[in-house]
Each structure stands twice: as C-alpha cells, then as structure tokens.
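[1] return atomic coordinates for the entry below.
(chains A and B)
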Amino acid sequence: MKTFYWLVKREFWEHRGGFLWAPLVTGGVFLLLNLMGIVTGEVFGFRHGIRFGSMDFASALNHLGPNDAGKIAMVVDTLMVSSSVLLKLVLGIVVFFYLLGSLYDDRRDRSLLFWKSLPLSDTETVASKLVAGLVVAPAIAFVTSIVAGLLMLAMYATALSFHGVNVWPILAMAHPLRTVSGMLAMIPLYLLWALPSAGWLMLCSAWARSKPFLWAVVPPVAAAIVVGWFNMLGGFGLQTGWFWKNIVGRAFGVLPNGIPTGLGPLGEIENVDKAAQLGQYIATENVYGPILARTELWAGVVIGLALLAVAAWLRRWRTESSV
Amino acid sequence: MNAVVTASGLSKRYKNTAALDNVSFQIPSGRIVGLIGPNGAGKTTALKAILGLTDFQGSLNVLGFDPRKQRGQLMEQVCFIADVAVLPRWIRVREAVDFVANVHPRFDRKKCEAFLARTKLTPDQRVRQMSKGMIVQLHLALVMAIDARLLVLDEPTLGLDILYRKQFYQSLLEDYFDENKTIIVTTHQVEEVEHILTDLMFIRDGKIVLDADMDAIGERFAEVMVNADRAAAARALGPLDERQVFGKSIFLFDGADRAALEALGELRRPSVSDLFVATMKGTYT
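    The predicted structure is shown next:
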C-alpha cells in the first residue's frame, strides 16, 4: 500500500504540469474572464446610467413566487457548475495524452530501466498510472472547478452588494452543498465510464514501438469507416452509428463529457453534462441509479479491465521502443 | 559453493540469430565478474535474462529465484545500472531519494545522503540539469545505499570522462563491495576494470569462450617478447596471436609450457585487452 502511494505520487511529480497547473490556470482564466465581464458590466452601466441596485430589484426579491425562487436557484447552481465545463475539457485532453504516454515515454527515454531496477510489480505500476489518470487528475480538476465556482459566486455577490442588493437570500435559495457533493460524486462515475478508454490508451502506450497516438486513433476510426462502407454496400446490417458511438466514442471516452444518463425519469437530459448544468439533478439517484444500471457501463468496465491486463503483461516484457 | 547465478543451457534467439546459444555458467558469491564481448555478442541479452527483462530457453537461477516468474522478489536483492542516461530527466535528487527510500525495503537513506554529501548535487536539482557525470553520481549513491547481493552494471561509465570513471570504480570498491556482494560488469573500457575483476568471461556469438578467474588466467596465458631471429621457433609452439613492436614479436600463448617459453624471451602476463583482441580475432569479418 505504501509502495502504491509512492507510485501514484511519482506520477504526480512527473505530471504536475498537467494534473495541477493546467486546472489551476484554467480556473484562474475562468475567474479572470468573469471579472472582466463584471467590470465591463459596471463600466457600461455607469456610462449609460443603468442601475442594478435599485429598490425595485430588492423589493422584487421579496415578492417572488415559489416557481421563481426555484428558477433563480437553478440559475445560481448552473453558474456554479459552469466553471466545470471548461475544466472538464482541459481534464479530458490532459488525461488522454497522459494515458497515451504513460507506458511509452519511459521506454522511449530508457528511464524504464531505472524503474525496472526497483522491486516494483508491473501490475502495480499500471494500476498506479490508472489511478493517477482517472482519480487523482479528475479529483484535482473537480475540486478546482468547485473552488472556482464558489469564488465566482462570491465575485458576483460582492459586485451586487456594492449596488445595495442583499445577495444572501438568493444564495440561500441555491443548493451549493448539493451541487458540490454532486460534482464530487461524478468522480467514481467518471472512473467507471472512462475505464475502457483508459485500457485502450494504456494498451497502445505499452504496445507501440513508436507513435502511440497513431496506434490509438487509426484502428478504431478505420474500423468504423470499414463498417460504414459495408453498411453502404448493404452488408452485414451493422449499425454505423452504434459503432461510432459505442466503439470509437468509448475508445476515446476519457473526455468526461457525454456520459449518458439513459432515458427514464430524466427524459430530455441525455447526458451528464446537461444534468450538470441543471445542478439539482446531479448526484441524486435520478442520475446515479440509471447510469449504474446501464449495460454499456459495465460492458465497458469488463473490456477496460481486460485491456489493462494485456497492458500490464506487455509492460512486463516490452522494454524497448524503436528509438 | 553458494552460487549467485547458475545458468544451464541458456538460449535466446532473435528471428535468425542466436543471441545466446546454449550457454552454461556459474557465478559464485563475492566476485567481480567482467562479462566482455564485442558488440552484438549477447552480453546485454545475458544480463537481461539475469534481470528478468527477457524470456529465454533453458534454466537460470539467480539468488534462488527464477527471474521470469519471481522478478518482484528478485529485484529486492539485485540492483542494476544500465548505462548513464536512464534516470528519468524530470526527477529531482530529493524526489529520487524519497521514492527509492519508500519502495525499496533494503535502502539505507543515511548512507545515500552521506554519498550525496560528497558530491555537488543539491536536493532540488533535476536530472535534466545535470552532466552525465553527475547523473551517474546520483545513480551510484542510490544503488550503493541498497544492500543488494548482486549488482549488475551494463556499460556503466559510457560517455564519462576519466575522472568520473576512476571515481566510479573506486567508490564501488571502497564503499560497496564486500564478500557478500557480487558484481557483474560489462564494458568496452577493459583497461579500467581489469585490475578490479576477480573473474573474466568472454562471450562471442552467443557462446562463452572463456570463463576463468584472474589467477587461472595468469597461469594459463602468457606473453613472450621474442627477437626476430627466434620468431620461427615461437611460431612452432602454436601461439594464439602475434604482433610486432619495435622490431620484436610479441606472442600470446594459451597453456604452453612455461619453461619452453622462458627460453624464447621475456615472459609476462597478458593484459585483458590483448587477450580479448586475440580471442575475438575475426569476429567482424
């Protein structure tokens, strides 16, 4: 267990830039953009004599109907989650390239020989890289996103309070705790959903003697094109769309967008991102239950574990790259 | 005899060539063995087999373990330095020490820090900021702090200047080696290791062509410097090799009668590099 902790720590040391600085900088940029937005609003408001903080606004708050309160809460929750959209995109890119290099880079620069001179098991090494990519990196990104979301709310609240608006009633209507726990609850879901993709990328990373990117990208896309072509010829009745979505899509599914919630009680909310934008749905059994009940999820988990086993085997015996 | 490495019938084929061809040998504890051979002779393959980095036919026992199946346990007892440039370039001195200290049960942190104190390395320095010589100092400090029974060195001083090379072997001898440890070293810089070796193994085309300890080699091989007029007599004794220096001929003999040789001229012990050149004659042709 101690060894495993240090193995994960090693990954963090090596990839501090992607795991820590990329989300921090993204979060910072996000806040800066919002600040610029607020300043712009203030400047324009001042020039054109528009006043937010009138008595009307405050009194309007006091005369809200029950539906309006719900809508305001939704807007605030959504605002808070909005920081995660950008951060998740960055996270997806970081994790994709991290996993693709995880079992290749040290073969290329021969530092593999140093790691192999220590009593470390290859299975443990592969597992540590998986955990670094699918738990540590998302955890940092999600926490950053939450902090950025809260800071942004604080920024808006401060700006509004300068205009004499008491923002506490508005914030009290929202569900920051539920939203935060909902976002944290996405991490295990993300781990399960991204498992086949991580398996595929790490397999390519352990397999390729050079250019792991091509190995990872070309076969699934080429296969999809062949399937589409057969379909065009009226071939085996394979579903091209199904193939793109469930094979190609899942092979690159480390991007945390588009985890399907499934139909059912949610209807129109076809994926987690939509659900996230409607903060109140997330982390309730409304989303968690249906996703965990889906066959695609568990089929992916099984395939992912199989791919990882092959990657660990390759890691055991393959010590060279072509360069 | 407590053998550290026992190989019998060791073979490894790459497509058309045999990197190791039915090799058998034994390395006892407390030795420093030089595994010497031309490029592509199978040295690295032999080391990789010992370290469990490659599959092979035949049987190999390293410290009681099968390197193919029990690599995890084996690597607690075995260390290796595979040339200079294998430390990860991003790692800092502090991180490297922390990491090894926490994953290696036989690592002595105090020892390592004492070795590092003798160098100019600083804790926050990254490998990518170091010269080759400094990298090998770090690597050596890490490895020497591990109480391993077998140390494998594959061209450990490649690309180092003479100061670092001398220091490298000196540290190994003075601060590391003892009768419980065994070192296997491959190198092309034979001159620099010959005085520290206790055993010599020559490997050629996947076969061990010479396997003896240094004393036995001194008894078995002899070099005679012969004047031109007696060269024919020397040739009649069947020398392994002949070369000319300052109008005299130097003959290298394997197992010839000492008395007969002394009659021809001045007798001396051949250097490992001369022995190597004579043994490997015609390898590349």
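[2] skip the chain neighbours and tell me the closest residue to residue A:116.
    Excluding the flanking residues, the one nearest residue A:116 by Cβ to Cβ, 6 or more residues apart in numbering or on different chains is residue B:53, at 6.5 Å. In this view, the C-beta of every residue, glycine as well, is placed from N, C-alpha and C.
[3] pretty sure the one you found is touching residue A:319, no?
    Yes - judged on Cβ atoms under 8 Å, residue B:53 makes contact with residue A:319 at a distance of 5.3 Å.
[4] returning to what we had before: tell me the SS of the residue nearest to residue A:116?
    Following DSSP: H, G, I helix; E, B strand; the rest coil, residue B:53 is assigned to coil.
[5] do residue B:225 as well
    Taking three-state DSSP, the label given to residue B:225 is strand.
[6] what pairs with residue B:241 across the strands?
    Using DSSP bridges, the beta-bridge partners of residue B:241 come out as residue B:252.
[7] count of residues packed around it?
    17 (other Cβ atoms under 10 Å in any protein chain shown).
[8] please apply the same query to residue B:116.
    22.
[9] in contact with the residue nearest to it when sequence neighbours are not counted, which residues?
    Once flanking residues are discounted, residue B:116 sits nearest to residue B:141: 5.0 Å by Cβ to Cβ, 6+ apart. The contact partners of residue B:141, by Cβ atoms under 8 Å, 6 or more residues apart in numbering or on different chains, come to B:112, B:115, B:116, B:119, B:121.
[10] likewise residue B:35?
    B:43, B:46, B:47, B:184, B:185, B:186, B:201, B:203.
[11] pull the contacting residues for the third one.
    With contacts taken as Cβ under 8 Å, 6+ apart, residue B:47 has the following neighbours: B:35, B:80, B:82, B:152, B:154, B:184, B:186.
[12] roughly how far does it sit from residue A:113?
    Distance check for residue B:47 against residue A:113: by Cβ to Cβ, to the nearest Å, it reads 11 Å.
[13] chain A: which of the contacts of residue B:35 is nearest?
    Nearest to chain A among those: residue B:47, at 10.8 Å, using Cβ to the nearest Cβ.
[14] pLDDT score assigned to the closest one?
    Here the pLDDT value assigned to residue B:47 is 91.
[15] what distance separates stretch B:250-257 from the middle of the whole chain?
    Mean-position distance between stretch B:250-257 and its chain equals 25 Å (Cα atoms, centre = their mean, to the nearest Å).
[16] what comes up buried for that stretch?
    B:250, B:251, B:252, B:253, B:254, B:256 (16 or more other Cβ atoms under 10 Å in any protein chain shown).
[17] ditto for stretch B:2-16
    B:3, B:4, B:5, B:6, B:7, B:10, B:12.
[18] tell me the one among the contacts of residue B:35 nearest to residue A:35.
    residue B:47 (59.7 Å; Cβ to Cβ).
[19] and the next element down the chain from the strand or helix carrying the closest one?
    For residue B:47, the host element (DSSP states H and E) is helix B:43-50. Counting by DSSP H and E, the next helix or strand C-terminal to helix B:43-50 is strand B:57-62.
[20] contacting residues for residue B:85?
    Per Cβ under 8 Å, 6+ apart, neighbours of residue B:85: A:109, A:110, B:132, B:135, B:159.
[21] again, only using 10 Å
    The contact partners of residue B:85, taken as Cβ atoms under 10 Å, 6 or more residues apart in numbering or on different chains, are A:109, A:110, A:111, A:113, A:114, B:127, B:132, B:135, B:136, B:139, B:158, B:159.
[22] spell out which parts of the stretch 101-250 of chain B neighbour chain A.
    B:101-107, B:127, B:139, B:142-143, B:146, B:148, B:152, B:154 (Cβ under 10 Å from any Cβ of the partner chain).
[23] now for those, which pair is the farthest apart?
    It's B:102 and B:154 that sit farthest apart of those, by Cβ to Cβ, at 25.8 Å.
[24] which of the two has more neighbours?
    residue B:154 (21 against 17).
[25] returning to that earlier point: just confirm the residue nearest to residue A:116 contacts residue B:12, I think it does.
    No - contact between residue B:53 and residue B:12 fails when scored by Cβ atoms under 10 Å: they sit 11.4 Å apart.
[26] common neighbours of the two, please.
    If you check residue B:53 and residue B:12 against Cβ under 10 Å, 6+ apart, the residues they both contact are residue B:45.
[27] shaky segments in the stretch 1-150 of chain B?
    Low-confidence segments of the stretch 1-150 of chain B (pLDDT under 70): B:1, B:84.
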